[in-house]
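Engineer: build the 3D model from these lines:
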Amino acid sequence: MKDTILNVIASDTIYLEAFDYPTIYISGDSSVFEGERIELLANGGVFYQWYPNSIVGDISTPELSIELPKNELLWVEGWNKFRCKRTDSVLVYIREFQVYVPEAFTPNGDGVNDILYVETMGIESIHFQLFNRWGELVFETKDKNIGWDGKHRNNYQHDQSLGWVLNVVDFKGRKHNFKGQTSIFR
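Structural biologist: Predicted structure coming up:
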């Protein structure tokens, strides 16, 4: 019997194709007022999943629109067409509403501080009333974009202190009432 030794060398070629991970990012504001919906948009992927599910539900679209009761960390997983995955997150801050009525204004025609505006953030509606020292209503608006130019019955008012009442409704539908004074200087 004869021993035969076979010496076989085999070779093969394997081609590997590497795919890049997606660059996932969230665009949109990271703070909203209480009662306001936040609008977020995930970019850079083909498929998405938002988390945590206990807060956002089973959302698998790039857009997320949600009202949050408190500050929350939200994140999204995004996949490209090759099923490579990346994640981005955003901490959403819930801000309380703000109102401000200046303590003084100077309607003297110089273009600076000539109009008295109620400044608000996070407010759905306002009702602003301004009274002179005799209790006479000299200005009233329900539009925060309309301010008082210092005129009453087409006459500029003299230097004086005026009382005001401001009633607002925030985005949660809650009513808030404020009172104060402002002065007019020429």
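
Engineer: once you drop chain neighbours, what's closest to the most centrally placed residue in the chain?
Structural biologist: When CA atoms, centre = their mean is applied to the chain, the residue found nearest the centroid is V32 (3.6 Å). Spatial nearest neighbour of V32, excluding adjacent residues (CB to CB, 6 or more residues apart in numbering): I38 at 4.7 Å. Placement of C-beta: from N, CA and C, glycine included.

Engineer: isn't there a strand covering the one you found?
Structural biologist: Yes. According to DSSP: H, G, I helix; E, B strand; the rest coil, the state of I38 is that of a strand.

Engineer: ok, now how distant is it from F82?
Structural biologist: 31 Å (CB to CB, to the nearest Å).

Engineer: neighbour count: those two, which is higher?
Structural biologist: I38 (21 against 13; other CB atoms under 10 Å).

Engineer: I'd assumed I26 was in contact with the more buried one.
Structural biologist: No. Here I38 lies out of contact with I26, judged by CB atoms under 8 Å, at a distance of 10.7 Å.

Engineer: distance between the helix or strand harbouring E124 and the chain's centre?
Structural biologist: Taking DSSP states H and E as the criterion, E124 maps to strand 123-131. Distance of strand 123-131 from the chain centroid (CA atoms, centre = their mean, to the nearest Å) equals 22 Å.

Engineer: and the helix or strand that comes right after that strand with strand 123-131, angle?
Structural biologist: Following strand 123-131 in sequence order, the next helix or strand is strand 137-141 (DSSP H and E). Relative orientation of strand 137-141 versus strand 123-131 (axes from the mean of the first three to the mean of the last three CA atoms, to 10 degrees): 170 degrees.

Engineer: just to revisit the earlier point, partner residues bridging the residue nearest to V32?
Structural biologist: I38 has these beta-bridge partners by DSSP bridges: I66.

Engineer: how much space separates it from Y93?
Structural biologist: I38 is 10 Å from Y93, by CB to CB.

Engineer: what segments of this protein are helices?
Structural biologist: According to DSSP state H, the chain carries its helices in the segments 53-56.

Engineer: low-confidence stretches in it?
Structural biologist: Scanning the chain with the threshold set as pLDDT under 70 gives 1-4, 6.

Engineer: how is it partitioned into domains?
Structural biologist: Annotated domains of the chain cover 25-95, 98-184 [automatic domain parsing].

Engineer: got those as a markdown table, with distance to A10 columns?
Structural biologist: Shown next, in a markdown table, are the domains of the chain (distance: least, CB to CB, whole Å):
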| stretch | distance to A10 |
| --- | --- |
| domain 25-95 | 31 |
| domain 98-184 | 72 |
